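**Q** With the input below, show me the fold.
(one chain, ligands or ions: 1)
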Amino acid sequence: MKYKIRDWVKKYNGYEFVGEVRAAFTKTTGETRYVVEEGKSGMLHIFNENQLVPFNGKLVYCETCQLYHYAMD
Ligand SMILES: [Zn+2]
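**A** Have a look, this model is predicted:
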């Protein structure tokens, strides 16, 4: 499997989803799936490997918005 538990990943395209891999498993068909916990909301979502890329950034606090944003290193 490409990713392991505790890796940080980002959804490849579409809506923003950045978070930590919390489970990696295979379906009965042998296809890989990952449960990713979104970094800010804690929401869980299941992705296949093609939907994810490694995330090497970090969560930073924005004084303007008074919210956390993701920033790339
Ligand atoms: Zn901001």
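**Q** residues contacting the spatially most central residue of the chain?
**A** Taking Cα atoms, centre = their mean, the centroid of the chain lies closest to Gly19, which sits 3.2 Å from it. Applying Cβ atoms under 8 Å, 6 or more residues apart in numbering, we find Gly19 in contact with Trp8, Val9, Val36, Glu37, Glu38, Gly39, His45. Any C-beta I mention is one placed from the backbone N, CA and C, and that applies to glycine too.
**Q** what about it, which helix or strand?
**A** strand 18-26 (DSSP states H and E).
**Q** What are the buried residues along that strand?
**A** Neighbour-count burial for strand 18-26, counted by 16 or more other Cβ atoms under 10 Å, picks out Val18, Gly19, Glu20, Val21, Ala24.
**Q** Repeat that for stretch 60-73.
**A** Buried, per 16+ other Cβ under 10 Å, within stretch 60-73: Tyr70.
**Q** Now do it, average pLDDT.
**A** The pLDDT scores in stretch 60-73 average 89.
**Q** again, but for stretch 45-54
**A** Averaged across stretch 45-54, pLDDT comes to 97.
**Q** Report how many residues lie close to Asn56.
**A** Residues near Asn56, counting by other Cβ atoms under 10 Å, number 9.
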